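Visitor: my questions concern the predicted model and sequence given below.
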Amino acid sequence: MSTPASSDAGGASVLLVGVDFGLPHFDGELEELGLLAQTAGLNPVARLTCKRKAPDAALFVGSGKADEIRTLAQMHGAVEVLFDQSLSPAQQRNLERNLELPVSDRTFLILEIFAQRARSHEGKLQVELARLQYLSTRLVRRWSHLERQTGGIGARGGPGEKQIELDRRMIGEAIKRTRERLVKVKRQRSTQRRQRDRRDTFTISLVGYTNAGKSTLFNALVKARAYAADQLFATLDTTTRQLYLGDAGRSVSLSDTVGFIRDLPHGLVDAFQATLQEAVDADLLLHVVDASNPNFPEQMDQVQRVLHEIGAADIPQLLVFNKLDALDAEQQPALLEDQYEVEGQMVPRLFVSARSGQGLDSLRRVLSARVLAAQEDMTPVDAAPLPAQEE
């Protein structure tokens with residue numbers, strides 16, 4: 001099925017392709033892929049979806065559908081084709097030869113967005129590592145110079161070493177250097193966390209699917225100016241501020257982390273381990289959910305999957321169903337505070353609107369109660385009052 005994609009955005013014109021293999025999370029409208037493309041500065045001009053029982057080993061979609069993609073791309077003037085699933089290096093190479101157009105997959109698109117958005121030294125290192133790991137398997141994409149031989153007196157590489165072998169070795173060395181630099185950054189961040197631990201700081205991390213409103217909620221709670229926008233991956237680098245809770249009579253450490261997404265590349269999960277470590281070391285996770293998105297249960301499942309991957313699944317959670325102001329009258333909840341089942345366990349849930357401020361006072365009250373409860377649990381036994389002695 002093919003449909004035009006009306007968009008006034010600038011950037012290169014791209015054709016979006018999705019293949020339905022019968023999985024429950026298939027995005028039939030390719031809405032999220034379109035948002036990713038726009039976030040990367042591209043302009044989706046048409047969309048095509050099809051059904052298959054399994055990927056074609058050579059072309060992912062089969063030769064007939066590949067011909068249809070080429071015709072549709074020519075019709076709409078697309079200069080690149082984006083697939084909603086991950087392609088193998090061979091499938092990508094074969095498709096480019098067949099379509100005579102550059103072909104990218106969902107993984108590469110996410111990596112490109114991360115490369116554009118990373119601001120901190122650590123974030124840039126993490127993106128660089130993930131991109132190098134991805135490119136190391138795709139050195140034979142569309143560069144004809146990789147086929148020529150190099151070597152000889154004064155040339156880089158050994159005698160007869162192919163350019164592709166030289167490039168692969170250079171990328172391997174770059175991966176090694178980047179990993180070593182990331183180890184140093186992780187060590188520095190670990191030192192900062194130990195200093196916070198010594199100050200007995202209660203730490204809270206915001207987690208959630210991308211574009212759930214985490215940064216807007218973060219700004220509303222701590223009066224910060226972290227970048228927030230109605231787009232995917234508006235925030236990449238972890239931002240930490242102090243949040244004063246009046247009912248608890250103390251401040252806590254609040255961190256805004258990178259948003260999660262379906263099929264987040266494993267290379268990014270590994271590379272962003274240092275950034276996501278803020279979530280792993282938190283005392284409480286505020287799992288922010290876009291209550292106005294009809295697919296929020298699936299988005300919650302994706303967040304839980306990443307939390308398991310980074311070792312943060314056992315940290316206590318508080319569900320914050322955001323964007324209450326975006327719900328229609330018939331969708332408004334009967335109660336603004338209740339419980340919701342997550343992986344077989346009931347978890348406290350609050351409905352809020354970070355944009356309008358509705359429900360934020362209740363959220364601060366619940367957070368204060370959590371902090372006070374944690375203080376009581378940490379009270380040393382010798383500090384407890386002694387029983388009165390009989391005279």
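Guide: Received it, and whenever you're ready, just let me know what you need.
Visitor: and Leu182, helix, strand or coil?
Guide: helix (DSSP: H, G, I helix; E, B strand; the rest coil).
Visitor: need the pLDDT of it.
Guide: On the pLDDT scale, Leu182 is placed at 85.
Visitor: list the contacts for the nearest residue to it once chain neighbours are set aside?
Guide: Ranked by Cβ to Cβ, 6 or more residues apart in numbering and with sequence neighbours excluded, the top spatial neighbour of Leu182 is Leu125, at 5.2 Å. Where you see a C-beta, it was placed from the backbone N, CA and C, and this is true even at glycine. Contact analysis of Leu125 by Cβ atoms under 8 Å, 6 or more residues apart in numbering lists 178, 181-182, 185.
Visitor: most neighbours of all those residues, which one?
Guide: Thr178 (21 neighbours; other Cβ atoms under 10 Å).
Visitor: so what's Ser203 up against?
Guide: Let me fix one detail, which is that residue 203 is Thr and not Ser. So Thr203 contacts 196, 252-253, 255, 278, 281-284 (Cβ under 8 Å, 6+ apart).
Visitor: again, only using 6 Å
Guide: Counting by Cβ atoms under 6 Å, 6 or more residues apart in numbering, Thr203 touches 253, 282-283.
Visitor: strands of the stretch 151-300 of the chain, residue ranges please.
Guide: For the stretch 151-300 of the chain, the strands defined by DSSP state E, counting those that start in this stretch cover 203-208, 239-245, 250-256, 284-290.
Visitor: before we move on, the earlier item: quick check, nearest of the contacts of Thr203 to Asp105?
Guide: Proximity of these to Asp105 (Cβ to Cβ) peaks at Ala282, which lies at 32.4 Å.
Visitor: before we move on, back to that, so what's the backbone phi/psi at the residue nearest to Leu182?
Guide: phi -60, psi -40 (degrees, to the nearest 10).
Visitor: state the pLDDT value of it.
Guide: 86.
Visitor: and it, how far from Phe114?
Guide: Look at Leu125 and Phe114: by Cβ to Cβ, to the nearest Å, they are 12 Å apart.
Visitor: how about the helices in the stretch 101-250 of the chain?
Guide: With helices called from DSSP state H, counting those that start in this stretch, the stretch 101-250 of the chain shows them at 106-117, 121-135, 163-198, 214-222.
Visitor: equivalent analysis for the stretch 251-391 of the chain, please.
Guide: Using DSSP H, counting those that start in this stretch, the helices found in the stretch 251-391 of the chain span residues 266-271, 273-280, 296-309, 360-377.
Visitor: deepest of the ones you listed, which one?
Guide: Of these, the one with the most neighbours on average (mean count of other Cβ atoms under 10 Å) is helix 273-280, at a mean of 21.
Visitor: tell me the contacts of the residue most central in space within the chain?
Guide: Most central residue of the chain, judged by C-alpha distance to the mean C-alpha position with Cα atoms, centre = their mean, is Phe260 at 3.2 Å. With contact taken as Cβ under 6 Å, 6+ apart, Phe260 is in contact with 209, 302-303, 306.
Visitor: Leu15 now?
Guide: Here Leu15 is in contact with 46, 73, 78, 81 (Cβ under 6 Å, 6+ apart).
Visitor: swap the cut-off to 7 Å and go again
Guide: Leu15 is in contact with 45-46, 48, 69, 72-73, 76, 78, 81, counting by Cβ atoms under 7 Å, 6 or more residues apart in numbering.
Visitor: quick one on the thing from earlier: how close does the residue nearest to the centre of the chain get to Gly77?
Guide: For Phe260 relative to Gly77 (Cβ to Cβ), the value is 34 Å.
Visitor: with Leu59 instead?
Guide: For Leu59 relative to Gly77 (Cβ to Cβ), the value is 23 Å.
Visitor: over to Arg70?
Guide: Arg70 is 13 Å from Gly77, by Cβ to Cβ.
Visitor: just for the chain, where's the confidence low?
Guide: Across the chain, the ranges flagged by pLDDT under 70 are 2-10, 139-164, 192-200, 224-231, 234-237, 266-267, 270-275, 378-391.
Visitor: could I get the contacts of Leu15 as CSV with secondary structure?
Guide: CSV is the format used below for the contacts of Leu15 (three-state DSSP):
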residue, secondary structure
Val45, strand
Ala46, strand
Leu48, strand
Ile69, helix
Leu72, helix
Ala73, helix
His76, helix
Ala78, coil
Val81, strand
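Visitor: farthest-apart pair in those, please.
Guide: Most distant of the contacts of Leu15, by Cβ to Cβ, are Val45 and Ile69, 13.0 Å apart.
Visitor: so for those two, which sits in the more crowded spot?
Guide: Set Val45 next to Ile69 and count neighbours by other Cβ under 10 Å: Ile69 wins out with 26 against 21.
Visitor: my guess is the more buried one contacts Leu101. True?
Guide: No. Ile69 lies out of contact with Leu101 (Cβ atoms under 7 Å); the separation is 8.8 Å.
Visitor: shared neighbours, these two?
Guide: With Cβ under 7 Å, 6+ apart, Ile69 and Leu101 have common neighbours Val81.
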